[in-house]
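Asker: With the input below, show me the fold.
(chains A and B)
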Amino acid sequence: MSSDHAAPAPLVHPPTTRAVRPMEGMQVYNKKLGMWVFLLSEVMFFSGLIGAYIVLRFANPEQWTDAGVVLNVPLTAFNTFMLICSSVTMVKAFAAIEHGDQAGLRKWLIATVILGAAFVGIQVFEYIQLAGHGFVPMVDRYAAEGGPLYGATFYTLTGFHGAHVTIGVLCMIFTTVLAFRGRYTRDDYGGVEIMGLYWHFVDLVWIILFTIVYLI
Amino acid sequence: MSSVTAVAERNVSVQHWAEPEHPDERPFIRKYIFSTDHKVIGSQFLFLSLFFLLVGGLLAMMMRWQLGYPGEPMPGGGILPETMAAGGILLPEFYNALVTMHGTFMIFFAIMPLLVGVFGNWLIPLHIGASDMAFPRLNMASFWTAVPAGMLMLVSFFVEGGAAGAGWTAYAPLSADPEYTGVSTGQQIWCVSLVVLGFSSLMGAVNYITTIVNMRAPGMGWFRLPLPIWALFITAILILLAIPVLAGAVILLLFDQTIGTSFFLPETGGEPLLWQHLFWYFGHPEVYILILPAFGIVSEVIANGARKPIFGYPAMVGAIVAIAFLGWLVWGHHMFQSGMNPLLGTSFMVSTMIIAVPSAIKVFNWLGTLWRGNIHFHVPMLNALAFVAMFVIGGLSGVFMASTPVDIYIHDTYFIVAHLHYVLFGGSLFAIFAGIYFWFPKFFGRMLNPTLGTIHFGLTFVFYNLVFFPMHNLGLGGMMRRLYDPNAYAYLEPLQPMNTFITVNAFLLGAAQLVFLVNFVWSLKGGKPAGPNPWNANTLEWTLPSPPPHGNFAAIPRVYRGPYEYSAPQVEADYWPQSEPPEPGQEPPVDYTVREALFSGDVPQPKDAPETKGSDG
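Answerer: Residues are numbered from 1 along each chain as shown, chains lettered A, B, ... in the order given. You can find the predicted model right below:
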């Protein structure tokens, strides 16, 4: 497989004979199928962590506080809104290249990068704030309300999500650079599509995490 | 219009899923070290995993010394540092490391990479008629990620405190708090290494699934796939879904060990049972990962050796799928002693017993394949037959363990050790040997010496049974697992001669592997040159030179029939390769399912062509 041809050569099929027809698979090209399959594994990863969170919280409810007592829900709600907007800009970018609109692709990709980076930035700021108030993952330095499991699960869940967003932003920058170099065309924009798939997945995970960590 | 070209039109870089074979003119490093060729990567996994199989075996030999001759200085023990063996006598802490690392190396760095890394990489593109995997560079990354993971595990023996000592199951809080095992850095390295290896496995799984779904040659419908490919496909799905759960669990453990969280430490609200659930939710699918590809290999070898189609191909596929699905529902049978509600225990007992059924179906189908076959006892066949017999024994002991009231007594005894070695050694490893003897000619263009192969098989089979069968008795007699000093309990004294007996045979078993090692190394260069099809087999790789060239096929192969047309009445030879074009008027073989219109790749007949009926034979 090579994905760096500018114009894909048509796949030539010698005439088929009886009992031999082309296998269409799932009619989904390799990179896209690969990304969906990978995202399935990510579902399992976050499910494992979320499962652990649920078990620990039900077993030790006294270590959690009411929503908003320790965590900054309004700020994070705004952050969530920004991440959702970045999914919108990602869709706009994808729609642009579907129609061969190079300028639109670049514009909306940059917007997505900025929103994604801002999300990470605000989360880091939030971490610093929380840590300053004694909300930390480790047991012996926990000084906020609730108990250390609250901190441990919070940082683990949001931290792994944040790491996935960060990797996504870096990949998005890479995609943007390629877009500026004219890598994607109306006939060949799979790279944008799979970037989008990953990005929407990261957004979806955040919506779930925001709900169960911040709101409940 | 061909629907494949329709896909190619829409948006994307086309799948060159059959680049014709071409000479490989890259420099040495790109050709043999950092290669993206699935065949080179498969061979790299072969050498890596055989090395770790050796390491795991050596660790076991040391364990057996201590169990057979407790407290006596081990021959050669003088070279071990004092932290491991004081005056040649293995220390209890080192014994814990041996137990842990024997399991860890064998499972993660020997059996998994052998079954999934070697046979997955070598067989998948060749069996489906593709020129390489869907993502060749990802494939290379998968191998080169496994290497540092293995190196980390090896290095962990030499850090302060030694290697991990909490068992391969790393139960918390034993594994989470160094005060219990005395091992700190080593346990952390264990965690990191498994996360790294997890990445390697995941990359492989994504590659295998995409390749098998998307890159099958024309005519290679789902029900014409050779069974190793079905097995590897389902195994890849298990890996995809189970490994991330392990990763999550191990990361939480690492946090407990390093950052100071207490996910699993009870004093501050942590839940030791949470570790068990997370681990075994991964752990049970993991054992099916360790056996399903073996099922596939054995099916291939038995059909070939019996010169008969595999009996009940659709049921074989269904059984693989059923085992994989049910495998998610049984994890609690590893936790019967954890204090769970007996009703919950009963549900796990029932699901565990049910999962024996599809495995039994496979066994009966192998027997059905052999029945009235024209059996050739070539070396791969010997190993495959041994697999069937030994796996049945392992499976039967599993039924005892599935029963909760029985397991309460035999859990954590040598009965379990017997069971797991019957399925992993008697099962997986014999299948691996079968696969290596079968495909070595294709990998390296040379035959392994059959005399040495038969000797290796015979010695291995005898000593292996003498080592592991008595462990059933040890377990029922009450000998517990992971026990450093069998003399610690008076009631175990009558069992000590059995321990010594096992040890002696274990050393002989280890020595017998030298025969394989010599055969393997010598045959790489000095074996009898192999033609394209030394076993008269049907699958696509046997139409190619041995070894196949870079890019595999000169042209996209066409697949006209399933892979198990041995002794077909339509042809004189007792085999009928999948890609051999049918003669005009030749009655086609029946494709295996009633849904052949969907899955077989048949196109509707033009009106003036002779109608073909489904055949009766």
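Asker: Closest residue of the stretch 501-617 of chain B to chain A?
Answerer: B:Arg558 (4.6 Å; C-beta to the nearest C-beta). Where C-beta positions appear, they are placed from N, C-alpha and C, glycine not excepted.
Asker: That residue against B:Arg224, yeah?
Answerer: No. With contacts counted by C-beta atoms under 8 Å, B:Arg558 stays clear of B:Arg224, the gap being 11.5 Å.
Asker: if you count what's nearby, which of the two comes out ahead?
Answerer: B:Arg224 (27 against 21; other C-beta atoms under 10 Å in any protein chain shown).
Asker: which ones are touching the closest residue to that one other than its chain neighbours?
Answerer: Counting by C-beta to C-beta, 6 or more residues apart in numbering or on different chains, B:Gly562 is the residue found nearest to B:Arg224 once chain neighbours are left out, at 4.6 Å. B:Gly562 makes contact with B:223-224, B:309, B:313, B:578, B:589, B:591-592, according to C-beta atoms under 8 Å, 6 or more residues apart in numbering or on different chains.
Asker: Just the buried ones among these, please.
Answerer: For the contacts of B:Gly562, a burial check counting by 16 or more other C-beta atoms under 10 Å in any protein chain shown picks out B:223-224, B:309, B:313, B:578, B:589, B:591-592.
Asker: follow-up on the earlier one: inside strands: which ones of the contacts of B:Gly562?
Answerer: Among these, no residue falls in strands (DSSP state E).
Asker: Could you save those as CSV and add columns showing pLDDT?
Answerer: Formatted as CSV, the contacts of B:Gly562 follow (pLDDT from 0 to 100):
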residue, pLDDT
B:Phe223, 92
B:Arg224, 93
B:Pro309, 95
B:Tyr313, 95
B:Gln578, 95
B:Pro589, 82
B:Asp591, 73
B:Tyr592, 63
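Asker: Format the residues you listed as CSV; extra columns: distance to B:Phe108.
Answerer: Listed next are those as CSV, based on distance: C-beta to C-beta, whole Å:
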residue, distance to B:Phe108
B:Phe223, 33
B:Arg224, 33
B:Pro309, 36
B:Tyr313, 32
B:Gln578, 34
B:Pro589, 41
B:Asp591, 39
B:Tyr592, 35
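Asker: Which residue ranges of chain A form helices?
Answerer: A:30-59, A:73-98, A:102-132, A:148-180, A:190-209 (DSSP state H).
Asker: Output stretch B:131-144 as PDB, nothing but the C-alphas.
Answerer: Provided in PDB are the C-alpha atoms of stretch B:131-144 (Å, rounded to 0.1, in the frame of the first residue of the first chain):
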ATOM      1  CA  SER B 131       1.200  -8.900  -1.700                       C
ATOM      2  CA  ASP B 132       1.600  -7.700   1.900                       C
ATOM      3  CA  MET B 133      -0.300  -6.400   4.900                       C
ATOM      4  CA  ALA B 134      -2.600  -3.400   4.800                       C
ATOM      5  CA  PHE B 135      -0.100  -1.300   6.800                       C
ATOM      6  CA  PRO B 136       3.400  -2.600   6.200                       C
ATOM      7  CA  ARG B 137       5.100   0.200   8.100                       C
ATOM      8  CA  LEU B 138       2.800  -0.300  11.100                       C
ATOM      9  CA  ASN B 139       3.800  -4.000  10.900                       C
ATOM     10  CA  MET B 140       7.500  -3.100  11.200                       C
ATOM     11  CA  ALA B 141       6.700  -0.800  14.100                       C
ATOM     12  CA  SER B 142       4.800  -3.600  15.800                       C
ATOM     13  CA  PHE B 143       7.900  -5.800  15.700                       C
ATOM     14  CA  TRP B 144      10.300  -3.100  16.800                       C
END
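Asker: Got phi/psi on B:Gly373?
Answerer: The phi/psi pair for B:Gly373 (degrees, to the nearest 10) reads phi -80, psi 170.
Asker: Show me the shaky parts of the chain.
Answerer: Assuming you mean chain A. Counting by pLDDT under 70, chain A contains low-confidence residues at A:1-22, A:24-27.
Asker: Let me rephrase: I mean chain B.
Answerer: Across chain B (using pLDDT under 70), the flagged ranges come out as B:1-20, B:592-617.
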